[in-house]
Every structure is written in structure tokens, then in C-alpha cells.
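[1] Got a predicted model here, sequence first, then my questions.
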Amino acid sequence: MFIKMAFNPKPMKTNNRLLIISVLLGAVGLSGSRAQSPSPVPTINGPIFQKLADAKWDKILPDLGDNSPLICILHVDPTTHATQLLIRTSKAIHVRKHWHTANETHTMVKGTAVLACEGKRAEIGPGGFNFMPAKMVHEAWLPADSLTFITVDGAWDVNWVEGPPTTADLIK
């Protein structure tokens, strides 16, 4: 949730180009490593019905291999680029400080996450909700086997403050 990724779907921008975000999960970190771009999502003006079992998942942090959180872009508005997506984890991970260009919400579907910003920390479990204003620096601790539904009211991106998570951020 926490990587710089622009899912409109356009190529990802780097932190140097100021595409910096706040929570959860793939693009270029300050370390210069590039995350894999998620699969493009067709823009559709009609209703969408999708089963979780049919979702297309991409690694957010390819350098972490099978330990990388996964992202599934569900829908991108063709005009505003507002995006709805899912992030799931196989391993517990600390998502380092980051921010997003657009306002972001998190709704926990599975697992209990800890979110922190501006000196405040909060736990949100299944059904729990969080709102992060645009450009607010935040970080998160996601448990293994978590699933988070995220919305942004513009294009999805992640701007890392101190670089993207590494193997040191995996929680055992």
C-alpha cells in the first residue's frame, strides 16, 4: 500500500517526479528499485461483478519475491482515475512511511492492521475503516493473510518517504 504506483493505468512515476503516497502497497522507491506495474484494468461504464477467486493479482514489491504483498486493481474511473483496489498479504509486513496524491480510504476485510500518522496509531479489524487525506504521510503494519479494500479519489500512486519496504520490514 505503500509504493509509488500510478494505476490509471499509466506507467509508474518515480519519487523524483513526486508521485508519493501514503499507505499500503508498487513503484520506484528512493532506493531506485522499480516495482512491477499492476495489470491494466479496462475502463467500463456499466456494472462490474467479479468473484474474489477470479481476481488478477500482481506483486507490489517484486524484490520481495513470494513475500511481496499483492495488489488487484478492481476499477479505474476513465475520467477521474479514481481507483478501487485490493491488497493482500501472505506475510506480515511493515509498510514504511509513504503518501498518496489523492485521498485514500482503507477498509479491512480480513486481519487487523495498525495504521499510524501524525503521531497517532490505530488498530482496524474486519469492517474497520480509515480515511487518509491526500499527501498525508502514513505507515501501516499488516498481518499475514490480510485483505484490505482501498479506494482513492484520483489515480493510485505511492510515494515512499524513506524507500519501499524491504526484507527487513517482513515481520516474523
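    Received the coordinates, thanks. Everything numeric in this text was worked out from a predicted model, so none of it was measured.

[2] Just give the nearest non-adjacent residue to Thr148, would you?
    Distance criterion Cβ to Cβ, 6 or more residues apart in numbering; nearest residue to Thr148, sequence neighbours excluded, is Ile87 at 4.8 Å. C-beta: built from backbone N, CA, C; applies to glycine.

[3] Any buried residues in stretch 164-171, and which?
    Pro164, Pro165, Asp169, Leu170 (16 or more other Cβ atoms under 10 Å).

[4] Same question for stretch 151-164.
    Thr151, Val152, Gly154, Ala155, Trp156, Asp157, Val158, Asn159, Trp160, Val161, Gly163, Pro164.

[5] State the distance from the last one to Asp54.
    I take that to be Pro164. As for Pro164, its distance to Asp54 is 28 Å (criterion: Cβ to Cβ, to the nearest Å).

[6] picking that back up, please enumerate residues in contact with the strand or helix carrying the residue nearest to Thr148?
    Here Ile87 sits within strand 83-88, counting by DSSP states H and E. The contact list for strand 83-88, computed with Cβ atoms under 8 Å, 6 or more residues apart in numbering, reads 1, 7-8, 24-25, 55, 57, 60, 69-77, 109-110, 142, 145-152, 154-156.

[7] Could you do stretch 127-138 as well?
    With contact meaning Cβ under 8 Å, 6+ apart, stretch 127-138 is reached by 20, 22-23, 97-108, 112-113, 115-118, 122, 124, 154, 161.
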